[in-house]
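Participant: Quick one, structure for this:
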Amino acid sequence: MKRLLIRTLKVLGWCVAVIVLVPLLCFAYYDLTEFQPRRDDIARLIAPAHPDERSPPAMLRKLLLTDQHGDPSWTVTRILLSDLEVPRGMRGGLGWHGTGFLWWQLVRIHLSHEEQLVILCSRSFLGRRAYGYEAGARAYFGRPLDQLTDAELATLVVVARWPSRWNQPEAFNEIAAPRDRLLAHTRSGEPFPY
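Facilitator: The predicted structure follows:
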């Protein structure tokens, strides 16, 4: 009876080890074959960032972190998947979600918070053919990013959430309410509720 119990525990131990190790090994393999080879491409995406996107104004940083609930990694992941044209692992929604999940974890592991903010500030689409907050500042307000008011910075953050909606002439007049909500939550230190 004792031998049977020991043998059963060994088998269970091996099963648990396989269940834990196989996904970890697959994750490490995906990292080495899909993410790491694109590190230079990620660096090239960051390289042309405007100095004000590399070191964004303090209020823009606070607004972005409030809007992103303190973690810009998911939005950065979506930007990278699009800009780097990362192929899906499999066909259909499951492949897209699986690829997104893997990249989201790898972005969190390999990219610093500062690198993520640079990607977010320099690669976000804000409509009006503007990629990045500096281009957005000039397209919407005709001034550089570092000369915008808090309300103007909040407007850009709201526009970046859904550029096609806010670029409709009649909708842009309605942006004051979400902009003011974002500003209030940022000033209070609360995360922005969706």
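
Participant: doesn't Leu45 fall inside a strand?
Facilitator: No. Applying DSSP: H, G, I helix; E, B strand; the rest coil, one finds Leu45 to be helix, outside a strand.

Participant: Packing partners of the top helix by length along the chain?
Facilitator: Longest helix in the chain, counting residues (DSSP state H): helix 2-30. Contact here means 3 or more Cβ pairs under 8 Å, 6 or more residues apart in numbering; DSSP states H and E; on that basis helix 2-30 packs against helix 92-110. C-betas here are computed from N, CA, C, even on glycine.

Participant: In the chain, where is pLDDT below threshold?
Facilitator: 11, 15-18, 20, 89-94, 190-194 (pLDDT under 70).

Participant: Tell me which stretches of it form helices.
Facilitator: 2-30, 39-46, 51-54, 58-67, 73-83, 92-110, 113-123, 133-141, 150-161, 163-166, 169-172, 176-188.

Participant: Tell me which residues are up against the third one.
Facilitator: The contact list for helix 51-54 (Cβ atoms under 8 Å, 6 or more residues apart in numbering) reads 118, 121-122, 132-134, 144-146.

Participant: Could you dump the helices of the chain into TSV and include mean neighbour count?
Facilitator: Listed next are these as TSV, based on neighbours: other Cβ atoms under 10 Å:
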stretch	mean neighbour count
helix 2-30	10
helix 39-46	13
helix 51-54	17
helix 58-67	20
helix 73-83	19
helix 92-110	15
helix 113-123	21
helix 133-141	21
helix 150-161	22
helix 163-166	15
helix 169-172	10
helix 176-188	16
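
Participant: and stretch 113-124, C-alpha only, in PDB?
Facilitator: What follows is stretch 113-124 as a C-alpha-only set of coordinates in PDB (Å, rounded to 0.1, in the frame of the first residue of the first chain):
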ATOM      1  CA  HIS A 113       7.700  51.800 -18.100                       C
ATOM      2  CA  GLU A 114       9.500  54.700 -19.800                       C
ATOM      3  CA  GLU A 115       9.800  52.800 -23.100                       C
ATOM      4  CA  GLN A 116       6.200  52.000 -23.000                       C
ATOM      5  CA  LEU A 117       5.300  55.700 -22.400                       C
ATOM      6  CA  VAL A 118       7.500  56.700 -25.300                       C
ATOM      7  CA  ILE A 119       5.700  54.200 -27.600                       C
ATOM      8  CA  LEU A 120       2.400  55.400 -26.400                       C
ATOM      9  CA  CYS A 121       3.200  59.100 -26.800                       C
ATOM     10  CA  SER A 122       4.900  58.700 -30.200                       C
ATOM     11  CA  ARG A 123       2.900  56.000 -32.000                       C
ATOM     12  CA  SER A 124      -0.700  56.600 -30.900                       C
END
